[in-house]
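Q: next comes the sequence, and after it the predicted model I'd like to discuss.
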There are 2 protein chains.
Amino acid sequence: MTIGILGTGMVGQTLATSLLAKGNQVMIGTRNVADTLAKPGNPAMGTQSFSDWHQNNAGVQIGTFAEAAAFGEILINATSGMGSMDALASAGVDNLGDKVLIDIANPLDFSKGMPPTLSVVNDDSLGEVIQREFPRLNVVKTLNTMTAALMVNPAAVSGQHNVFVSGNDADAKEQVKTFLTEQFGWAPGSIIDMGDITTARGTEQLLPIWIRLYGVLQTPMFNFAIVR
Amino acid sequence: MTIGILGTGMVGQTLATSLLAKGNQVMIGTRNVADTLAKPGNPAMGTQSFSDWHQNNAGVQIGTFAEAAAFGEILINATSGMGSMDALASAGVDNLGDKVLIDIANPLDFSKGMPPTLSVVNDDSLGEVIQREFPRLNVVKTLNTMTAALMVNPAAVSGQHNVFVSGNDADAKEQVKTFLTEQFGWAPGSIIDMGDITTARGTEQLLPIWIRLYGVLQTPMFNFAIVR
């Protein structure tokens, strides 16, 4: 299938690599293609430059947010949460149309230091903000509760663990559940349908404990499991 | 040991029943003893009256917040989160002293309808508010991420699952971890020390997804597991 990914950071790269390997046509979108290709990596963080990544993933097309939004049958918001609304505005309401948008972003605000706070919280969520601003889009919040390597390879941690899905449109959620299973290998029984997009409040509010657990466990390779 | 429990609701009752059965001396504290004993149950919610509960748990002493705080070597805040600060003020700083306070409460605000919001959130937590207001207390936030029946009986759900501990004082946290193991049967390996009391932000912010999961799963008998 054709997939448009908004966001060229580590999450966008990880998803693009995985989806390309699965035989999809993938375009990754950014604000300014030349700037993104010129951006250096951050060796201290262990991240390569976008252009180094792209050399190894040359099958992934690069375009603007608008081009990626127009390109994909299904769209993925992998921008940083604080930049998501600008990215989507730049993508343009006509290009977004009534597509399914898989929203992976979390509204983490690092501007006040560590740990980050949530810029949208409690009685609202980024998922809801996107759905309100782009009412024709079918926003499905998912995958935002784990590190990117685990999103695309749930078997990387052992045992049963879960991914949550929130969205207003039942058909869109079914499409996303199938996508999670077929593209990334999520067992249907590990996908928990939380309900409408307001339930994204709960999954976005997992980030504060996720960030602290990352510190305690000294690895991002963990996930939440709901045990009964 | 002697244990003072603040709060006579279902959580306080469940803890008191369990701790009494373990051979502890338990006093449960309330604002007004006579009012609590006269309060009817709520058959629609499946809850018996406090006095009916007490007839089956006559070994549990009943007192004011101040009396329960003075009574216990270790204290448990099992009040509703919105009432915790009033209850602790009523207990009195001299009775609270420098004891260990196991803080189970969540700052859930039901005044704006369902689902509740958190009255303290994001860059603060109820655990921190209590620690700031009562700096001599050794506040340890724990057990607040699950239903009461599971707090006192982790084996009630199968498999490995976790309880989180947050607090500023290392000795107090060790006391509480031992308490969780000896009184309730939490395996040491299932107890995750999150760090200082600011990490209570993360565990309190598990409540929004907990409440939604309760709706999805149609049972409160579930818990979070951190899977690696």
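A: All right, it came through fine. Numbering: from 1, shown residues only, chains lettered A, B, ... in the order given.
Q: where do the strands sit along chain A?
A: Using DSSP state E, the strands found in chain A span residues A:2-6, A:25-30, A:61-64, A:74-77, A:100-103, A:108-109, A:117-118, A:138-142, A:163-167, A:191-195, A:223-227.
Q: need the ones you listed in CSV with mean pLDDT, mean neighbour count and distance to residue A:216, can you?
A: For the C-beta atoms, the positions are set from N, CA and C on the backbone; glycine is no exception. CSV is the format used below for the strands of chain A (pLDDT from 0 to 100; neighbours: other CB atoms under 10 Å in any protein chain shown; distance: least, CB to CB, whole Å):
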stretch, mean pLDDT, mean neighbour count, distance to residue A:216
strand A:2-6, 98, 25, 31
strand A:25-30, 98, 26, 33
strand A:61-64, 98, 18, 37
strand A:74-77, 98, 27, 29
strand A:100-103, 98, 28, 27
strand A:108-109, 98, 18, 18
strand A:117-118, 98, 21, 19
strand A:138-142, 98, 28, 25
strand A:163-167, 98, 27, 22
strand A:191-195, 98, 19, 24
strand A:223-227, 98, 22, 14
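Q: so which residues on chain A come close to chain B?
A: A:112, A:117-118, A:121-123, A:157-161, A:164, A:192-195, A:199, A:201-203, A:205-206, A:208-213, A:215-217, A:219, A:221-228 (CB under 8 Å from any CB of the partner chain).
Q: need the contact list for the residue in chain A sticking out farthest from the centre.
A: Most distant residue from the mean C-alpha position of chain A: residue A:228, 27.7 Å away (CA atoms, centre = their mean). For residue A:228, the contact set (CB atoms under 8 Å, 6 or more residues apart in numbering or on different chains) comprises B:157-158, B:217, B:219, B:221-222.
Q: pull out the buried residues from the residues you listed.
A: B:157, B:222 (16 or more other CB atoms under 10 Å in any protein chain shown).
Q: chain A next: which of the contacts of residue A:228 are close?
A: On the criterion CB under 8 Å from any CB, B:157-158, B:217, B:219, B:221-222 are the entries of the contacts of residue A:228 that sit beside chain A.
Q: for the residues you listed, which one is nearest residue B:59?
A: For these, the closest approach to residue B:59 (CB to CB) belongs to residue B:221, at 26.6 Å.
Q: just checking, that closest one touches residue B:157?
A: Yes - taking contacts as CB atoms under 8 Å, residue B:221 lies within contact range of residue B:157: 5.9 Å.
Q: shared neighbours of the two, anything?
A: What both residue B:221 and residue B:157 touch, as defined by CB under 8 Å, 6+ apart, is the set A:228, B:150.
Q: so what touches stretch A:144-163?
A: A:10-11, A:14-15, A:17-18, A:103-106, A:142-143, A:164, A:180, A:183-187, A:190-192, A:203-204, A:206-207, A:210, A:220-226, B:225, B:227-228.
Q: again, only using 6 Å
A: A:10-11, A:14, A:18, A:104, A:106, A:143, A:184-186, A:190-192, A:203, A:206, A:220-221, A:223, A:225-226, B:227-228 (CB atoms under 6 Å, 6 or more residues apart in numbering or on different chains).
Q: likewise for stretch A:173-192?
A: Under CB under 6 Å, 6+ apart, the answer for stretch A:173-192 is A:22, A:100, A:102, A:140, A:142, A:152, A:154, A:162-165, A:167.
Q: thinking again about what came up before, distance of the residue farthest from the centre of chain A relative to residue B:147?
A: 12 Å (CB to CB, to the nearest Å).
Q: repeat that for residue A:22.
A: Taking CB to CB, one finds residue A:22 at 40 Å from residue B:147.
Q: of these two, give the one with the bigger neighbour count.
A: Applying other CB atoms under 10 Å in any protein chain shown to residue A:22 and residue B:147 shows that residue B:147 carries more neighbours, namely 18 against 15.
Q: for that one, give its distance to residue B:11.
A: Residue B:147 is 9 Å from residue B:11, by CB to CB.
Q: got it, and residue A:23?
A: 52 Å.
Q: list the contacts of residue A:227.
A: Counting by CB under 6 Å, 6+ apart, residue A:227 has contacts B:157, B:159, B:161, B:223, B:225.
Q: same question, residue A:67
A: Contacts of residue A:67 (CB under 6 Å, 6+ apart): none.
Q: for chain A, which spans come out with low pLDDT?
A: The model of chain A has no residue with pLDDT under 70.
Q: now do the same contact list for the spatially most central residue of it.
A: With distances taken as CA atoms, centre = their mean, residue A:104 lies nearest the centre of chain A, 2.7 Å away. By CB under 6 Å, 6+ apart, the contact list for residue A:104 reads A:78, A:143-144.
Q: make a markdown table from those residues and add neighbour count and distance to residue B:69 to it.
A: Shown next, in a markdown table, are the contacts of residue A:104 (neighbours: other CB atoms under 10 Å in any protein chain shown; distance: CB to CB, whole Å):
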| residue | neighbour count | distance to residue B:69 |
| --- | --- | --- |
| A:78 | 29 | 51 |
| A:143 | 26 | 46 |
| A:144 | 28 | 42 |
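Q: residue B:212 versus residue A:125, what's the distance?
A: For residue A:125 relative to residue B:212 (CB to CB), the value is 12 Å.
Q: for these two, indicate the residue with more neighbours.
A: It is residue A:125, of residue A:125 and residue B:212, that has more neighbours when counted by other CB under 10 Å, with 28 against 23.
Q: closest one of the contacts of residue A:104 to chain B?
A: residue A:144 (11.7 Å; CB to the nearest CB).
Q: quick check on the closest one: phi, psi?
A: phi -80, psi 0 (degrees, to the nearest 10).
Q: was I right to think residue A:139 contacts residue A:102?
A: No - between residue A:139 and residue A:102 there is no contact, the gap being 8.5 Å when judged by CB atoms under 6 Å.
Q: now the contacts of stretch A:173-192 as a markdown table including distance to residue B:62?
A: What follows is the contacts of stretch A:173-192, written out as a markdown table (distance: CB to CB, whole Å):
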| residue | distance to residue B:62 |
| --- | --- |
| A:22 | 63 |
| A:100 | 57 |
| A:102 | 54 |
| A:140 | 51 |
| A:142 | 48 |
| A:152 | 56 |
| A:154 | 50 |
| A:162 | 42 |
| A:163 | 46 |
| A:164 | 42 |
| A:165 | 47 |
| A:167 | 49 |
